[in-house]
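Q: need a structure here:
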Amino acid sequence: MSAIDPLSQIFSALGDPTRRSILGRLANAELTVSELAEPYAMSLPAITKHLKVLEKARLISRGKSAQWRPCKLEAAGLKQADDWISTYRRHWEESFDRLDDYLKTLQAEDTNKGKDNG
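A: Next up, the predicted model:
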(Lines give C-alpha, C1' and ligand atoms only; values in the text may rest on other atoms or scores of the structure.)
Protein backbone atom coordinates (compact mmCIF):
# COMPACT_ATOMS: atom_id res chain seq x y z
CA MET A 1 0.00 0.00 0.00
CA SER A 2 1.50 3.34 -1.02
CA ALA A 3 1.66 6.30 1.31
CA ILE A 4 -0.60 9.26 0.65
CA ASP A 5 1.32 12.39 -0.27
CA PRO A 6 1.24 15.17 2.35
CA LEU A 7 -0.71 17.62 0.21
CA SER A 8 -3.49 15.06 -0.34
CA GLN A 9 -3.65 14.45 3.41
CA ILE A 10 -3.91 18.19 4.03
CA PHE A 11 -6.74 18.71 1.55
CA SER A 12 -8.53 15.60 2.78
CA ALA A 13 -8.35 16.90 6.34
CA LEU A 14 -9.57 20.34 5.23
CA GLY A 15 -12.49 18.74 3.38
CA ASP A 16 -14.49 18.35 6.57
CA PRO A 17 -16.27 21.42 8.05
CA THR A 18 -15.78 20.26 11.65
CA ARG A 19 -12.03 19.96 11.13
CA ARG A 20 -11.89 23.40 9.49
CA SER A 21 -13.80 24.79 12.47
CA ILE A 22 -11.37 23.13 14.87
CA LEU A 23 -8.44 24.71 13.02
CA GLY A 24 -10.14 28.09 13.24
CA ARG A 25 -10.51 27.73 16.99
CA LEU A 26 -6.89 26.62 17.36
CA ALA A 27 -5.75 29.72 15.45
CA ASN A 28 -6.71 31.72 18.55
CA ALA A 29 -5.28 29.51 21.31
CA GLU A 30 -4.09 26.07 22.28
CA LEU A 31 -7.04 24.03 23.55
CA THR A 32 -7.58 20.64 25.16
CA VAL A 33 -9.70 17.94 23.56
CA SER A 34 -12.50 18.70 26.04
CA GLU A 35 -12.36 22.41 25.23
CA LEU A 36 -12.40 21.64 21.51
CA ALA A 37 -15.38 19.31 21.91
CA GLU A 38 -17.56 21.86 23.79
CA PRO A 39 -19.37 23.52 20.85
CA TYR A 40 -19.97 20.32 18.88
CA ALA A 41 -22.81 17.87 19.30
CA MET A 42 -20.53 14.84 19.20
CA SER A 43 -18.71 12.57 21.59
CA LEU A 44 -15.11 12.97 22.74
CA PRO A 45 -14.09 9.89 20.72
CA ALA A 46 -15.56 11.50 17.59
CA ILE A 47 -13.61 14.73 18.23
CA THR A 48 -10.50 12.64 18.86
CA LYS A 49 -10.92 11.00 15.45
CA HIS A 50 -11.04 14.44 13.83
CA LEU A 51 -7.93 15.46 15.76
CA LYS A 52 -6.08 12.34 14.62
CA VAL A 53 -6.83 13.22 10.97
CA LEU A 54 -5.58 16.78 11.53
CA GLU A 55 -2.50 15.50 13.33
CA LYS A 56 -1.72 12.95 10.59
CA ALA A 57 -1.95 15.79 8.04
CA ARG A 58 0.44 17.77 10.26
CA LEU A 59 -2.05 20.60 10.65
CA ILE A 60 -2.02 20.30 14.45
CA SER A 61 0.22 18.88 17.13
CA ARG A 62 -0.78 17.51 20.49
CA GLY A 63 1.41 18.11 23.48
CA LYS A 64 1.51 16.56 26.89
CA SER A 65 1.62 18.63 30.04
CA ALA A 66 0.77 16.46 33.06
CA GLN A 67 -2.86 15.42 32.47
CA TRP A 68 -3.46 18.27 30.04
CA ARG A 69 -3.08 17.45 26.31
CA PRO A 70 -3.17 20.78 24.51
CA CYS A 71 -3.75 20.86 20.77
CA LYS A 72 -1.86 23.44 18.77
CA LEU A 73 -2.22 24.70 15.21
CA GLU A 74 0.78 23.92 12.98
CA ALA A 75 0.91 26.60 10.31
CA ALA A 76 3.48 24.79 8.12
CA GLY A 77 0.84 22.42 6.75
CA LEU A 78 -1.48 25.28 5.88
CA LYS A 79 1.44 27.10 4.25
CA GLN A 80 2.08 24.07 2.06
CA ALA A 81 -1.55 24.12 0.87
CA ASP A 82 -1.44 27.89 0.36
CA ASP A 83 1.75 27.61 -1.71
CA TRP A 84 0.07 25.06 -3.98
CA ILE A 85 -3.08 27.18 -4.32
CA SER A 86 -1.02 30.32 -4.97
CA THR A 87 0.29 28.82 -8.19
CA TYR A 88 -3.24 28.65 -9.53
CA ARG A 89 -4.20 32.01 -8.02
CA ARG A 90 -1.40 33.65 -10.03
CA HIS A 91 -2.61 31.91 -13.19
CA TRP A 92 -6.18 33.18 -12.77
CA GLU A 93 -5.10 36.68 -11.77
CA GLU A 94 -2.93 36.90 -14.91
CA SER A 95 -5.82 35.58 -17.02
CA PHE A 96 -8.20 38.15 -15.54
CA ASP A 97 -5.64 40.92 -16.09
CA ARG A 98 -5.36 39.95 -19.77
CA LEU A 99 -9.16 39.86 -20.07
CA ASP A 100 -9.38 43.29 -18.43
CA ASP A 101 -6.80 44.68 -20.90
CA TYR A 102 -8.76 43.21 -23.80
CA LEU A 103 -12.03 44.72 -22.57
CA LYS A 104 -10.38 48.13 -22.21
CA THR A 105 -9.12 47.82 -25.80
CA LEU A 106 -12.64 47.00 -27.03
CA GLN A 107 -14.11 49.91 -25.08
CA ALA A 108 -11.50 52.28 -26.52
CA GLU A 109 -12.32 51.05 -30.04
CA ASP A 110 -16.05 51.63 -29.42
CA THR A 111 -15.33 55.14 -28.13
CA ASN A 112 -13.21 55.91 -31.18
CA LYS A 113 -15.92 54.58 -33.54
CA GLY A 114 -18.46 56.83 -31.83
CA LYS A 115 -16.26 59.87 -32.37
CA ASP A 116 -15.76 58.98 -36.05
CA ASN A 117 -19.53 58.69 -36.60
CA GLY A 118 -20.41 61.87 -34.72
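
Q: what about the closest residue to Ile47 other than its chain neighbours, how many neighbours?
A: Distances taken as Cβ to Cβ, 6 or more residues apart in numbering put Ala37 closest to Ile47, at 4.3 Å, once the chain neighbours are dropped. To be clear about C-beta, it is placed using only N, CA and C from the backbone, and glycine gets the same treatment. Ala37 has 20 neighbours, counted by other Cβ atoms under 10 Å.

Q: now do Ser43
A: Number of residues near Ser43 (other Cβ under 10 Å) recorded here: 10.

Q: tell me the pLDDT at it?
A: With respect to pLDDT, Ser43 has a value of 91.

Q: same check, this time on the one 3 residues further on
A: Here the pLDDT value assigned to Ala46 is 94.

Q: just to revisit the earlier point, show the pLDDT at the residue nearest to Ile47.
A: So Ala37 comes in at 92 (pLDDT).

Q: and Asn117, by the same measure?
A: Reported pLDDT at Asn117 in the predicted model: 68.

Q: the helices in the protein, which residues?
A: Using DSSP state H, the helices assigned to the chain run over residues 6-14, 17-26, 33-37, 44-56, 75-117.

Q: in this protein, where is pLDDT below threshold?
A: Applying pLDDT under 70 to the chain picks out residues 1-3, 66, 117-118.

Q: swap in 80 and give it another go.
A: Within the chain, the segments meeting pLDDT under 80 span 1-4, 64-68, 113-118.

Q: picking that back up, can you add distance to Gly63 and give the helices of the chain back as a markdown table?
A: Output for these, formatted as a markdown table (distance: least, Cβ to Cβ, whole Å):
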| stretch | distance to Gly63 |
| --- | --- |
| helix 6-14 | 19 |
| helix 17-26 | 12 |
| helix 33-37 | 12 |
| helix 44-56 | 11 |
| helix 75-117 | 16 |
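
Q: looking at the ones you listed, which is nearest to Ser65?
A: Checking these against Ser65 by Cβ to Cβ gives helix 33-37 as the closest, at 13.0 Å.

Q: so which bits of that closest one are buried?
A: Using 16 or more other Cβ atoms under 10 Å as the test for burial, helix 33-37 gives Val33, Leu36, Ala37.
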